[in-house]
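S.K.: sequence first, then the predicted structure:
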Amino acid sequence: MKIIVQKFGGTSVASDEARIAVKDKVQQAVRKGYSPVVVVSAMGRKGAPYATDTLIDTLKSVNLSVNVREMDMLMCCGEIISACVMAATLQKYGINAMALTGGQAGIITDSQFGAARIKNINVSNLMHLLESGIIPVVCGFQGVTENNFKFTTLGRGGSDTSAAALGAALKADFVEIYTDVEGIMTADPRLVKEANILQQISYAEVCQMAYNGAKVIHPRAVEIAMSSNIPMYVKSTFSDAPGTLITSESNGRRNGSEIAINESCVSGVAHLSDLAQFRIELNPADFAAGRNLFEDLADAGISVGSLNLSEKEAMFAVFSPDVEHTCKVLEETGFKYTCNTECAKVSVVGSAMRGVPGVMANFVSALASKNISILQTMDSDTTISAIIKEEHLVDAVTALHQAFKL
Ligand code: ADP
Ligand code: MG
């Protein structure tokens with residue numbers, strides 16, 4: 001049996017028309033001799049009646065500090081509705097399909113509500129269905145706890161993770177992530193109209209793009225696929241374009257034409273918005289104060305990123321909703337600080353940039369050419385990032401996209 005996993009995101013299951021396009025993708029896979037396992041997200045985006053955000057708002061309107069257990073249980077309903085509607089659509093077209101909750105599909109998680117980790121997947125139920133010629137339609141984004149079958153969710157974008165984990169557990173030939181764009185692009189097409197589709201990219205680069213804000217795929221899903229060495233494709237539900245292949249290698253191909261690796265050592269530009277940058281004064285005589293500071297923030301459950309620590313100063317960024325809490329912790333601990341709100345982070349990603357001289361110079365001059373001030377930079381072997389003001393975000397992403405000839 002040649003098993004594949006086909007995951008369909010919110011917009012791919014949002015309307016009758018979209019669900020028929022999904023049906024076509026499932027049928028095509030069956031015609032090619034595959035046994036597909038379908039994974040679905042909740043139907044539609046913010047504002048749609050059964051979308052995850054709508055369900056969250058429903059409970060928050062009753063009680064702002066609603067218990068995480070109840071929140072997860074309600075959020076799981078979005079995918080349950082979606083899986084039932086999708087299974088019914090497939091059945092209407094004569095396809096033998098059955099909707100399954102995450103738990104019914106054997107997905108066992110820890111009990112960290114809202115951000116649960118998959119512990120293991122018992123595939124016996126799924127294998128039995130596949131062997132009987134029935135296509136399982138599995139609720140993405142959810143699982144159950146091992147002992148008491150409480151509903152858990154895997155965090156936003158978690159249906160990608162469900163698909164990759166199912167692919168690994170079922171030893172699938174490959175995993176397909178269907179969405180509303182034709183693949184992984186050189187930048188978010190909502191910001192850069194000229195963004196191009198990448199034919200192939202490495203797991204490591206996609207992970208870096210996803211960590212740095214490219215929300216086309218969840219980084220955890222890529223990590224799982226990478227550790228099981230399962231190829232992933234990102235494709236559009238609404239076209240027959242070949243999409244992007246994610247494997248262990250990036251072949252530097254774009255739009256069908258091979259390009260020399262040194263022509264562009266960067267694969268894409270990613271961005272994160274809605275950040276605030278904190279600068280904290282440290283006493284040079286007490287370098288350890290920096291360490292205490294991060295302990296205090298960690299104890300308060302605040303996740304900090306874009307960290308810079310020097311003798312006199314610490315700099316980091318938090319997401320805007322954490323600003324108030326961060327200020328409170330800093331005031332309680334007596335650190336002198338300034339907070340720069342309405343910031344964003346832009347990053348260029350590419351494993352080929354390792355050791356190539358001039359990449360930083362190109363990065364800085366691209367932003368300088370648009371008079372964009374850099375508040376802070378961070379870099380690794382495969383990324384260069386800058387914190388900038390949010391108002392410059394579109395200009396910055398566009399300038400970097402041009403400067404690196406993407
Ligand atoms: P789904 O609901 O199908 O999971 P998402 O909204 O999570 O879809 O992901 C698809 C969106 O990701 C696209 O509409 C696009 O705006 C955004 N995106 C951000 N960065 C990229 C990128 N580099 N390539 C493609 N899409 C991107
Ligand atoms: Mg998604």
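M.R.: Good, I have the coordinates. Ligands and ions are numbered 1, 2, ... in the order given.
S.K.: below-threshold pLDDT in this protein: ranges please.
M.R.: 250-263, 286-291 (pLDDT under 70).
S.K.: what residue is smack in the middle of it?
M.R.: Nearest to the geometric centre of the chain sits H218, at 2.5 Å (CA atoms, centre = their mean).
S.K.: as a quick check, tell me the outermost residue of this structure.
M.R.: For the chain, the largest distance from the centre (CA atoms, centre = their mean) belongs to A285, which lies 41.2 Å off.
S.K.: report the contact partners of it.
M.R.: Applying CB atoms under 8 Å, 6 or more residues apart in numbering to A285 gives no contacts. From N, CA and C alone the C-beta is placed, and that goes for glycine too.
S.K.: is it in a helix, a strand, or coil?
M.R.: coil (DSSP: H, G, I helix; E, B strand; the rest coil).
S.K.: how near is it to R279?
M.R.: Using CB to CB, to the nearest Å, A285 is found at 19 Å from R279.
S.K.: still on that earlier bit, isn't the residue nearest to the centre of the chain up against A163?
M.R.: No - with contact defined as CB atoms under 8 Å, H218 does not reach A163; the gap is 9.4 Å.
S.K.: what's the first helix or strand after the helix or strand where Q28 lies?
M.R.: Assigned by DSSP states H and E, Q28 belongs to helix 16-31. Next helix or strand after helix 16-31 toward the C-terminus (DSSP H and E): strand 34-40.
S.K.: report whether that following strand contacts ligand 1.
M.R.: No - Strand 34-40 does not reach ligand 1 (CB under 6 Å from any ligand atom); its nearest approach is 10.2 Å.
S.K.: secondary structure element for the closest residue to P219 other than its chain neighbours?
M.R.: Distances taken as CB to CB, 6 or more residues apart in numbering place A210 nearest to P219, at 3.8 Å, with adjacent residues excluded. Following DSSP H and E, one finds A210 within helix 203-211.
S.K.: quick one: contacts of the next helix or strand after that helix?
M.R.: Downstream of helix 203-211, the first helix or strand assigned by DSSP H and E is helix 219-228. The contact list for helix 219-228 (CB under 8 Å, 6+ apart) reads 154-155, 157-158, 160-161, 163-165, 167-168, 175, 177, 203-204, 206-207, 210-211, 231-232, 246, 248.
S.K.: next, the buried residues of helix 219-228.
M.R.: Buried residues in helix 219-228, counting neighbours by 16 or more other CB atoms under 10 Å, are found at 219-226.
S.K.: can whatever helix or strand comes next after it be said to contact ligand 2?
M.R.: Counting by DSSP H and E, the next helix or strand C-terminal to helix 219-228 is strand 232-236. No - Strand 232-236 does not reach ligand 2 (CB under 5 Å from the ion); its nearest approach is 10.0 Å.
S.K.: could you name the helices and strands sitting against strand 232-236?
M.R.: strand 174-179, helix 219-228, strand 244-247 (3 or more CB pairs under 8 Å, 6 or more residues apart in numbering; DSSP states H and E).
S.K.: so how far is it off the chain centroid?
M.R.: 14 Å (CA atoms, centre = their mean, to the nearest Å).
S.K.: pull the CA atoms of that strand into PDB?
M.R.: Provided in PDB are the C-alpha atoms of strand 232-236 (Å, rounded to 0.1, in the frame of the first residue of the first chain):
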ATOM      1  CA  MET A 232       6.700  17.300   1.800                       C
ATOM      2  CA  TYR A 233       5.000  19.300  -0.900                       C
ATOM      3  CA  VAL A 234       3.300  22.600  -0.500                       C
ATOM      4  CA  LYS A 235       0.700  23.100  -3.200                       C
ATOM      5  CA  SER A 236      -2.400  25.000  -4.100                       C
END
